[in-house]
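# Turn this into a structure:
(chains A and B)
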2 protein chains.
Amino acid sequence: MKRTVAAVAVVVSGWAVAAVAQPIVLRDMGSFHVGGEPFVVSGEPVKEVKFTANGVPLKIDPNGTYMVGQMYVQYFIPEPRKGAVPLLMWHGGGLTGVTYETTPDGRPGWLNDFLRKGWAVYNSDAVERGRSGWPATAKPVWKGDPVLVTAANAYERFRIGGAGSWSEDPAQRKLLPGNQFPADQIWQFSRQFVPRWITTDEPTLKAYLQLVDKVCPCVLLVHSQAGKFGFQAAQARPDKIRAVVAVEPAEVGDEDKEKIAALKSVPALMVYGDYIEQDSRWPAIRAKGARFAQAVREAGGQVDEVDLPKVGIKGNSHMVMMDKNNLEVSALINEWLAKRGLYR
Amino acid sequence: MKRTVAAVAVVVSGWAVAAVAQPIVLRDMGSFHVGGEPFVVSGEPVKEVKFTANGVPLKIDPNGTYMVGQMYVQYFIPEPRKGAVPLLMWHGGGLTGVTYETTPDGRPGWLNDFLRKGWAVYNSDAVERGRSGWPATAKPVWKGDPVLVTAANAYERFRIGGAGSWSEDPAQRKLLPGNQFPADQIWQFSRQFVPRWITTDEPTLKAYLQLVDKVCPCVLLVHSQAGKFGFQAAQARPDKIRAVVAVEPAEVGDEDKEKIAALKSVPALMVYGDYIEQDSRWPAIRAKGARFAQAVREAGGQVDEVDLPKVGIKGNSHMVMMDKNNLEVSALINEWLAKRGLYR
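Okay, here's the model as predicted:
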């Protein structure tokens, strides 16, 4: 009996290794920045700066022209391609494109998974996040201060634990029962956090539209804060967006009649994780998503809402792409895209 | 006669396309963060924040534990591998790992080039740069303010133009004669600039050493500010660093006798571009590099200094990996590594 169990284990493990060992073949990969605008600073005093402790001193004139509001994009073009158009991955607030890379516990993320499936992927860092840079200029570009969150905040707000679940002592933390997030790697996850302004929606959408104009037609795969940008981009460029996949959208698109009608030719999939009913904020966010979906359907559009627990996929946090069952959810998304003729 | 010229052009163009079209085959790719430390903020008032204009309001407690000082690393493992060990790319100040990706004018950078050559590459964003994040905490972690430079500053300081060469009017800018930097893309280059603290050498070196301990033995390929970190890492871990390639190092390693002696088993290549003599700062930086190299040689080490103009490679700016002849310089570096038995 023990022998049989061992044999099964070997087979499973062998399959897993084979799946990982399949190489990723890229016709090309690279990066670029889109968007941004000149920002002029004047009337500030010149500073003397030593860039290293023993370095040669240097006068830095803070006056002059900076580029602000640009966005970093990294692309991977696999061979052969099975996605009908490129897939653009837009991350959520306080994070970067790292969201879609290796998970905090070292498993393949959705970037590798969709590449292996044959999608050309453009993974970006939103304006003022990560490799997009931010304006540490002598005069501020945007209103307000950037916000960085604690590990505790993410643990509670991303439905890993829930309100009051955090403790600095790992043994005292209350994980939501059955949660699929690799919660023992919460500190590794928190290493991915970057500051965010809350006043930069306008330059952010502008840069996303410049990306759309550069590389689309395409499919948008958006998460959390980017739910807003994904639907707004589709409303602004319905001819260029073949589908929107909104994963746990924290916000949706514009709700005026004309903007809703613009989405009637853009099929959309909204995917939500588990534990929403028991959260303090997510029932309202989910209800708003449902109203938006219904309004688009009433205007003749196609919006599918998938609450993962209702289709038997349980335990997902807000960070679905990092959860232990992340590849189960990406398979569901890919199947939806295939049904719409976007994957061959 | 015209016919012949056209035929040659087709052949050259065909070869170029073939070279680019050769796929990059990856056994794996992914990312992780190394290092970082908990940083506790306490005694600050709770803020109410709306993350989106119409979003559900949220109380943000700025008190708690943040992770600061971590470093982002993206890796690509090609198949087959020809580099004997992984190649770690460390960028210079005010920039990120984007330094080694596609050039500002859209040509392949050294990341793609070394991958195509068969090197496993780990390309990182230094502490507080890019995807490593930065501590926008209510209480400061490091002394001083971050510095962001203008396009003008880079144009003059990176020996693209030179002192006084910048003008907001492109037609009035004075490019150094024969300069290989894609100067018409100076604004695209400036989109890559990120703020930098000048007080973070210690946490930066610490994170680099954590990376070395995780993935080496390896070769370090370092640029500008990272010249210091590359040599210091080799001085701290001489058993793990097979070679240091320092491209335009703005700083070098520690100069005390014991630290110099630690480098006797670590071969090093120092590569410098053009226009150094006529610059206001670079003659002193170059002389310091020469003194350091000589000290290591006197301790029994091997350091090769290459001033590119002296070997017939002319017109290089400080950003050698972005210059139009970037692949000529990477070929020189690869040949040097091959001679040391690090490339098969």
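
# Quick one: residues contacting the closest residue to A:Thr96 other than its chain neighbours.
In this structure, A:Thr96 finds its nearest non-sequential neighbour in A:Gly130, 3.3 Å apart by Cβ to Cβ, 6 or more residues apart in numbering or on different chains. Quick note: C-beta positions are derived from backbone N, CA and C, even for glycine. Listed by Cβ atoms under 8 Å, 6 or more residues apart in numbering or on different chains, the contact set of A:Gly130 reads A:72, A:96-98, A:194, B:130-131, B:133.

# For the stretch 201-344 of chain A, which residues are neighbours of chain B?
Residues of the stretch 201-344 of chain A that fall close to chain B, judged by Cβ under 8 Å from any Cβ of the partner chain: A:201, A:225, A:228, A:250-251, A:281, A:284-285.

# ok, 10 Å please
Counting by Cβ under 10 Å from any Cβ of the partner chain, the stretch 201-344 of chain A comes close to chain B at A:201-202, A:224-225, A:227-228, A:250-252, A:254-255, A:280-285, A:288.

# These in helices, which ones?
A:201-202, A:227-228, A:282-285, A:288 (DSSP state H).

# Okay, helices next: where are they in chain A?
Under the criterion DSSP H, chain A contains helices at A:2-21, A:110-117, A:151-157, A:186-190, A:201-215, A:226-236, A:257-261, A:282-298, A:326-339.

# Excluding chain neighbours, give the residue nearest to the most centrally placed residue in chain A in space.
For chain A, A:His91 is the residue whose C-alpha lies nearest the centre (Cα atoms, centre = their mean; 1.9 Å). If you skip the residues right next to it in sequence, A:His91 has A:Thr99 as its closest partner in space, 4.1 Å away by Cβ to Cβ, 6+ apart.

# will you turn the helices of chain A into TSV that also has mean pLDDT and mean neighbour count?
Shown next, in TSV, are these (pLDDT from 0 to 100; neighbours: other Cβ atoms under 10 Å in any protein chain shown):
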stretch	mean pLDDT	mean neighbour count
helix A:2-21	42	10
helix A:110-117	98	23
helix A:151-157	95	22
helix A:186-190	98	22
helix A:201-215	98	19
helix A:226-236	98	25
helix A:257-261	98	15
helix A:282-298	98	18
helix A:326-339	98	18
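
# possible to save those as TSV with distance to B:Met29?
Below are the helices of chain A laid out as TSV (distance: least, Cβ to Cβ, whole Å):
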stretch	distance to B:Met29
helix A:2-21	12
helix A:110-117	7
helix A:151-157	26
helix A:186-190	18
helix A:201-215	20
helix A:226-236	23
helix A:257-261	38
helix A:282-298	33
helix A:326-339	16
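
# looking at these, which is closest to A:Lys143?
Between A:Lys143 and these, the shortest separation by Cβ to Cβ is 11.2 Å, and it involves helix A:201-215.

# Could you give me the buried positions within stretch A:217-225?
A:218-225 (16 or more other Cβ atoms under 10 Å in any protein chain shown).

# Flag the shaky bits of chain A, pLDDT-wise.
A:1-21, A:51-56 (pLDDT under 70).

# which strand is the longest one in it?
Counting residues, the longest strand found in chain A (DSSP state E) is strand A:24-41.

# strand partners of it, parallel vs antiparallel please.
strand A:64-78 (antiparallel), strand B:24-41 (antiparallel) (DSSP bridges).

# okay, those in TSV with mean neighbour count and distance to A:Trp110 next?
What follows is the strands paired with strand A:24-41, written out as TSV (neighbours: other Cβ atoms under 10 Å in any protein chain shown; distance: least, Cβ to Cβ, whole Å):
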stretch	mean neighbour count	distance to A:Trp110
strand A:64-78	23	12
strand B:24-41	19	12
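
# any chance of the ones you listed in JSON lines, with distance to B:Val271 too?
JSON lines is the format used below for the strands paired with strand A:24-41 (distance: least, Cβ to Cβ, whole Å):
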{"stretch": "strand A:64-78", "distance to B:Val271": "27"}
{"stretch": "strand B:24-41", "distance to B:Val271": "25"}
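
# With that, I have no additional questions.
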